[in-house]
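Peer 1: only the shape, not the letters, is given here:
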């Protein structure tokens, strides 16, 4: 397996800084696990975005909600767009769950900075290309209730392709829960020491191989005895991974997916047996925001 160490390390080490820039995150102590008001889906016009919405709506129905309204961006908005007045100002106390490509999000991000919007969780996702891991996901959550890394990893295990899922949860609460000793079925867990400890969960590759991926010394890694195996709630299985991602982001957005992480960082690394078809690399962003 060919490894691009610098690309993988950049995904984890600078991913949080990329995601957090500009828009304030919900602060500790604010209740964000459940939406305070209605929920709105914001999507672009691609088939990927439509599949994401399909997965998200399935979760909403499972939670007893009616079909969530969808606001479809046409891709033509810019610095002088009336998007803010049309999307945000009439919808105070609304939780917005969205997906869009990197270019569209760059513009959207600048527009929402002045709209009194707070991020609950945000993810950057990559797929395909000539990379060691077919699926690459970097996420940032404001509170542990919105931790979705384990759910994403669990869903991707269904299609058994190579993936790397990393997440940082920004929660300074000192409470301890069962997350410290939890893992997913089929994964072995380790703790990586450092200024900010990282939980490393491996499936399909050895610890020495994982250390080679990240350029880690074995001396920095200790095995974690796991007392709990975490089983994220799954909706209808789907071979479409955009639908799977829509399910997990909606679960976090409406608070139906319990957290299994207090604070800090964790990484899920899986080498699967399924061979994904070669495809051009694509990157896009998902988010949960409170207006």
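Peer 2: All right, it came through fine. Just so it is clear, the structure is predicted and the values come from calculations on it, not from any experiment.

Peer 1: residue ranges with poor pLDDT in this structure?
Peer 2: Along the chain, the parts satisfying pLDDT under 70 run over 1-34, 75-85, 88-91, 114, 129-131, 143-147, 171-182, 226-239, 257-264, 274-280.

Peer 1: quick one: the helices in it, in order.
Peer 2: Taking DSSP state H as the test, the helices found in the chain are 5-13, 15-20, 47-62, 83-87, 102-112, 149-157, 207-214, 241-254.

Peer 1: determine the number of other residues adjacent to residue 103.
Peer 2: As a burial measure, residue 103 scores 13 neighbours (other Cβ atoms under 10 Å). All C-beta atoms are positioned from the backbone trio N, CA, C, and that covers glycine.

Peer 1: please tell me how far it sits from residue 285.
Peer 2: Counting by Cβ to Cβ, to the nearest Å, the gap from residue 103 to residue 285 is 10 Å.

Peer 1: and the helices of the chain, which is most packed in?
Peer 2: When those are scored by mean count of other Cβ atoms under 10 Å, the highest mean neighbour count falls to helix 241-254 (a mean of 27).

Peer 1: and the angle for that helix with helix 149-157?
Peer 2: 160 degrees (axes from the mean of the first three to the mean of the last three Cα atoms, to 10 degrees).

Peer 1: who are the packing partners of helix 241-254?
Peer 2: Counting contacts by 3 or more Cβ pairs under 8 Å, 6 or more residues apart in numbering; DSSP states H and E, helix 241-254 packs against helix 47-62, strand 95-101, strand 118-127, helix 149-157, strand 282-290.

Peer 1: name the helices or strands packed onto the third one?
Peer 2: Packing partners of strand 118-127 (3+ Cβ pairs under 8 Å, 6+ apart): helix 15-20, strand 135-141, helix 241-254, strand 282-290.

Peer 1: what's the closest of those to residue 151?
Peer 2: For the helices and strands packed on strand 118-127, distance to residue 151 was read as Cβ to Cβ. The smallest value, 4.3 Å, belongs to helix 241-254.

Peer 1: ok, which of the helices and strands packed on strand 118-127 comes nearest residue 47?
Peer 2: helix 241-254 (8.2 Å).

Peer 1: gap between the two ends of stretch 107-125?
Peer 2: With Cα to Cα, to the nearest Å as the measure, stretch 107-125 spans 18 Å from end to end.

Peer 1: same check, this time on stretch 111-120
Peer 2: With Cα to Cα, one end of stretch 111-120 sits 17 Å from the other.

Peer 1: still on that earlier bit, mind putting the helices and strands packed on helix 241-254 into CSV with distance to residue 108?
Peer 2: Listed next are these as CSV, based on distance: least, Cβ to Cβ, whole Å:
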stretch, distance to residue 108
helix 47-62, 13
strand 95-101, 6
strand 118-127, 12
helix 149-157, 22
strand 282-290, 9
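
Peer 1: for residue 198, which of those is the nearest?
Peer 2: Here helix 149-157 is closest among these (Cβ to Cβ), at 11.7 Å.

Peer 1: now do that closest one: which elements does it pack against?
Peer 2: Counting by 3+ Cβ pairs under 8 Å, 6+ apart, helix 149-157 packs on strand 135-141, strand 163-169, helix 241-254, strand 264-270.

Peer 1: out of those, which is closest to residue 38?
Peer 2: So among the helices and strands packed on helix 149-157, helix 241-254 is nearest, using Cβ to Cβ, at 10.8 Å.

Peer 1: between the helices and strands packed on helix 149-157, which one is nearest to residue 222?
Peer 2: Here strand 264-270 is closest among the helices and strands packed on helix 149-157 (Cβ to Cβ), at 14.8 Å.

Peer 1: dump the residue contacts of residue 35.
Peer 2: By Cβ atoms under 8 Å, 6 or more residues apart in numbering, residue 35 lies in contact with 94-95, 253-255, 290.

Peer 1: now those in CSV, with distance to residue 198?
Peer 2: Formatted as CSV, these follow (distance: Cβ to Cβ, whole Å):
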residue, distance to residue 198
94, 34
95, 29
253, 25
254, 28
255, 26
290, 28
